[in-house]
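Participant: Mind folding the following:
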Amino acid sequence: SDFQCSNTSEYIDQAFKNKLIENEGLDEMCSIVKKGQIAQNPLSVTSLLNDEKKPESSTEAQSKDSPGGVTDRDILIWRKLQTVLSTLQQQEQHQAQLSNQRIPEMLYGHSNISNSNPELEVLIRVQNVLPSDKLIWLHIDNYFRSPLHGLFPILSEDWFRDTITTLIGERRNVDTKPHITISKRFGFSNIGSLLVVLRLSYLMYPKSLEDCNTEEEVYVLSNPIGTEFIDVAQMCLNLFKMLRKGVLPVLHCALLLRIYRRFSPEEGDIVDGGDTEPFTGLLVQMATSIGLNTDAETSYQLSPYHMYLQAWRKCWYIVYFLDYYEGMNMGNTIMIGEHSFSTKLPTLEMNEKNEYPSFVIDPDLELATSGCFKKNFELSLECRKILRIVMNKRTRTNCREVQATLNQVEVYLHSNYGSDLKDIISQPCHNLGSSVKKCNDFEIYLQTMSTIFMIYYHLFLHIDNCVSNEPDQQHCEVSFFYLKKLAEL
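Facilitator: Numbers count the residues shown, from 1 in each chain. Next comes the predicted model:
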């Protein structure tokens, strides 16, 4: 009985540990390999042609020794190759179904298509679409030298380069595909991030060969990065159970996909990507489950490492701004309350030797990013006041209060971003930092003025309706005032 009690106790302890690891999302760190390699695909060329390592049967030995003609071994290889071709045809049939799976359809992780080894299937797809080693590193260089990275610094350049090196090897600048080595499921989230980076970088190059000015641009356009990269990146993300507690590498991949949906040319002429509303809500929940809404200075594990501390803060404020932008653009309820987080804004400070930290590759870019984050956050606090009024569906608000709040937003916007678009466009761009600042000012100015325009338009309709019902000189003057305001905007 003591032995049975001991076994029961050990079983309960192990079950509790497994459940704790699962709840914390740490089971994603478990190895998906056997003896350092992913379980071998029985239909791979290596497996098919590696019969030398297996003991030969007496029949095979006789056939091998038979003089001339086609041996049984040749027939066996051809049959296996036919099996490979048949399998590839089956994969092509449901390729479209796999490619179109997007959040929230895949919240529970994996594919709805039965597959005993989903990681292997995704790995095959990744290996098929992955470009040459030279092209990969060209796109990584281009992405981290672009204003888009400065506006949405989801990835830390130093960390990301090291991570990709562990997955595809050292940079060789050759026109051959690298071999991917993934030992843990986390690796798929990093590969997904890489695929989105490749696609975003490609979109920054000229659209046609006639517009190219350098050999690099010609080389990049000669090797296009299409939408299939985003489809495979989504497949990488779908390997993870999104309704579980989030982990940072998975959040990075999801954020990059969210940014892509925001700016991708194939989404069409809409305010934002078609599935971004539920996607943004999911990102907010993932970020809060990780704890990004609490500043990492309170963590004894992260506080000594300045690079991770700043990356933690950047990631949180990107989620915060995406939630805020959705409220501004579409009138959705803002999920992150202004008092629901303690995470500080990212900063860049010099050390005792009057030098920037070693992980900072481009100080001008970091300074521009920190300045934009601070300015955008302060503007969001002003805009939240007007959003609380216009999204209040329970009580009415006096037009004078709405007008006074709008005036505060306009004053801050014009004093910190520019008096008008002409003023912003005329700003000089002498380096990457100034380009980031100019792009940020342009985007935020347009976005905020669009919201202000819609509010003025509704005020005009309201006053005009009052004039129609009760003609009054004062109402007519107010109506004309808002009509003039709309014309000026």
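Participant: make it CA atoms for all contacts and neighbour counts henceforth
Facilitator: Noted.
Participant: Can you say which helix or strand has residue 484 in it?
Facilitator: Here residue 484, judged by DSSP states H and E, is contained in helix 473-488.
Participant: Could you give me the buried positions within that helix?
Facilitator: For helix 473-488, the neighbour count (16 or more other C-alpha atoms under 10 Å) marks 475, 478-479, 482-483, 486 as buried.
Participant: Would you format those as JSON lines with pLDDT and distance to residue 291 included?
Facilitator: Listed next are the buried residues of helix 473-488 as JSON lines, based on pLDDT from 0 to 100; distance: C-alpha to C-alpha, whole Å:
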{"residue": "475", "pLDDT": "68", "distance to residue 291": "51"}
{"residue": "478", "pLDDT": "80", "distance to residue 291": "48"}
{"residue": "479", "pLDDT": "79", "distance to residue 291": "48"}
{"residue": "482", "pLDDT": "81", "distance to residue 291": "45"}
{"residue": "483", "pLDDT": "83", "distance to residue 291": "47"}
{"residue": "486", "pLDDT": "84", "distance to residue 291": "43"}
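Participant: Point out where the stretch 301-450 of the chain drops to low pLDDT.
Facilitator: The stretch 301-450 of the chain contains residues with pLDDT under 70 at 303.
Participant: rerun at 90
Facilitator: 301-309, 326-327, 329-333, 348-361, 390-400, 428-430 (pLDDT under 90).
Participant: For it, just list every one of the helices.
Facilitator: Per DSSP state H, counting those that start in this stretch, the stretch 301-450 of the chain carries helices over the ranges 306-330, 363-390, 399-416, 421-425, 432-469.
Participant: Out of those helices, which is the most enclosed?
Facilitator: Mean neighbours per residue, mean count of other C-alpha atoms under 10 Å, is largest over those for helix 306-330, with a mean of 20.
Participant: Which other helices and strands does that helix contact?
Facilitator: helix 276-290, helix 363-390, helix 432-469 (3 or more C-alpha pairs under 8 Å, 6 or more residues apart in numbering; DSSP states H and E).
Participant: before we move on, the earlier item: farthest pair in the buried residues of helix 473-488?
Facilitator: The largest separation in the buried residues of helix 473-488, counting by C-alpha to C-alpha, is between 475 and 486 at 16.6 Å.
Participant: The helices and strands packed on helix 306-330: which one's closest to residue 176?
Facilitator: Of the helices and strands packed on helix 306-330, nearest to residue 176 by C-alpha to C-alpha is helix 432-469, at 31.3 Å.
Participant: That closest one to helix 363-390, inter-axis angle?
Facilitator: 10 degrees (axes from the mean of the first three to the mean of the last three C-alpha atoms, to 10 degrees).
Participant: Packing partners of helix 432-469?
Facilitator: helix 147-151, helix 306-330, helix 363-390, helix 399-416, helix 421-425, helix 473-488.
Participant: centre of the chain versus it, how much separation?
Facilitator: 27 Å (C-alpha atoms, centre = their mean, to the nearest Å).
Participant: if we can go back for a sec, off-centre distance for the helix holding residue 484?
Facilitator: 44 Å.
Participant: could you give the angle of it to helix 432-469?
Facilitator: Helix 473-488 runs at 150 degrees relative to helix 432-469, counting by the same axes, to 10 degrees.
Participant: can you dump the C-alpha coordinates of helix 473-488 into PDB?
Facilitator: Only the C-alpha atoms of helix 473-488 are listed here, as PDB (Å, rounded to 0.1, in the frame of the first residue of the first chain):
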ATOM      1  CA  GLN A 473     -30.300  82.900 -36.100                       C
ATOM      2  CA  GLN A 474     -27.900  81.500 -33.500                       C
ATOM      3  CA  HIS A 475     -28.200  77.900 -34.900                       C
ATOM      4  CA  CYS A 476     -27.700  79.200 -38.400                       C
ATOM      5  CA  GLU A 477     -24.400  80.900 -37.400                       C
ATOM      6  CA  VAL A 478     -23.200  77.800 -35.600                       C
ATOM      7  CA  SER A 479     -24.100  75.600 -38.600                       C
ATOM      8  CA  PHE A 480     -22.200  78.000 -40.900                       C
ATOM      9  CA  PHE A 481     -19.200  77.900 -38.400                       C
ATOM     10  CA  TYR A 482     -19.000  74.100 -38.700                       C
ATOM     11  CA  LEU A 483     -19.400  74.100 -42.400                       C
ATOM     12  CA  LYS A 484     -16.500  76.600 -42.700                       C
ATOM     13  CA  LYS A 485     -14.500  74.400 -40.300                       C
ATOM     14  CA  LEU A 486     -15.000  71.400 -42.500                       C
ATOM     15  CA  ALA A 487     -13.900  73.300 -45.600                       C
ATOM     16  CA  GLU A 488     -10.700  74.400 -43.800                       C
END
